[in-house]
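Participant: Sequence below, structure please.
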Amino acid sequence: MESKSGTDHQPRVCDAALARAFRFLGKRWNGVILATLLGGPAGFAELKRAVGGISDSVLSDRLTELASAGLVTRTVDAGPPIAVEYQLTVSGQALLPALSELTTWAAENLPAEGCTS
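Facilitator: Predicted coordinates:
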């Protein structure tokens with residue numbers, strides 16, 4: 001099928017990519033962690049406070065998962081004291097337009113809820 005731009009559109013490929021994106025970003029806490037890091041680098045404790053309601057082990061698992069996906073980097077400063085900082089990679093920062101649009105859409109179209117997941 002040809003799109004308005006004249007390029008071939010492959011719905012199954014697009015749908016699979018979109019499903020993959022929502023499955024990953026929709027996994028509990030991932031989107032909130034990424035959105036928090038859009039504000040700049042943060043330490044583990046700072047992320048835990050900002051996200052709210054997440055356990056240490058789940059936050060650690062999600063950060064490891066986000067790092068494995070190439071969206072977040074983990075930097076250790078040997079200190080003293082030892083400090084660990086997380087920040088978005090270029091790939092993670094590329095999510096800013098999409099997350100901003102989703103945030104705007106949700107604010108305009110979905111009932112308000114607490115920010116817990």
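
Participant: Residue 74 reaches residue 63, doesn't it?
Facilitator: Yes - the pair residue 74 / residue 63 is scored as a contact, 6.9 Å apart, by C-beta atoms under 8 Å. To be clear about C-beta, it is placed using only N, CA and C from the backbone, and glycine gets the same treatment.

Participant: Residues in contact with both of those two, list them for me.
Facilitator: Taking C-beta atoms under 8 Å, 6 or more residues apart in numbering as the criterion, residue 74 and residue 63 both touch residue 86.

Participant: Name the residue in those two with the higher neighbour count.
Facilitator: Neighbour count, other C-beta atoms under 10 Å: between residue 74 and residue 63, residue 63 has more, with 21 against 13.

Participant: ok, now which ones touch the more buried one?
Facilitator: 33, 44, 47, 72, 74, 86.

Participant: Tell me the buried residues within those.
Facilitator: 33, 44, 47, 72, 86 (16 or more other C-beta atoms under 10 Å).

Participant: Show me where the protein dips below the pLDDT cut-off.
Facilitator: Counting by pLDDT under 70, the chain has low-confidence residues at 1-14, 114-117.

Participant: Quick one: residues contacting the residue most central in space within it.
Facilitator: By C-alpha atoms, centre = their mean, the chain has its centre lying nearest to residue 34, at 3.0 Å. By C-beta under 8 Å, 6+ apart, residue 34 lies in contact with 25, 66, 71, 72, 88, 92, 95, 99.

Participant: how about it, secondary structure?
Facilitator: Secondary structure state of residue 34, per DSSP: H, G, I helix; E, B strand; the rest coil, is helix.

Participant: if I look at residue 36, how far off is residue 54?
Facilitator: 11 Å (C-beta to C-beta, to the nearest Å).

Participant: what about the two, which has more around it?
Facilitator: residue 54 (21 against 18).

Participant: So what's the residue count around the residue nearest to residue 30 when sequence neighbours are not counted?
Facilitator: Nearest residue to residue 30 in three dimensions, chain neighbours excluded: residue 62, at 5.9 Å (C-beta to C-beta, 6 or more residues apart in numbering). Counted with other C-beta under 10 Å, the neighbours of residue 62 add up to 21.

Participant: Much appreciated, bye for now.
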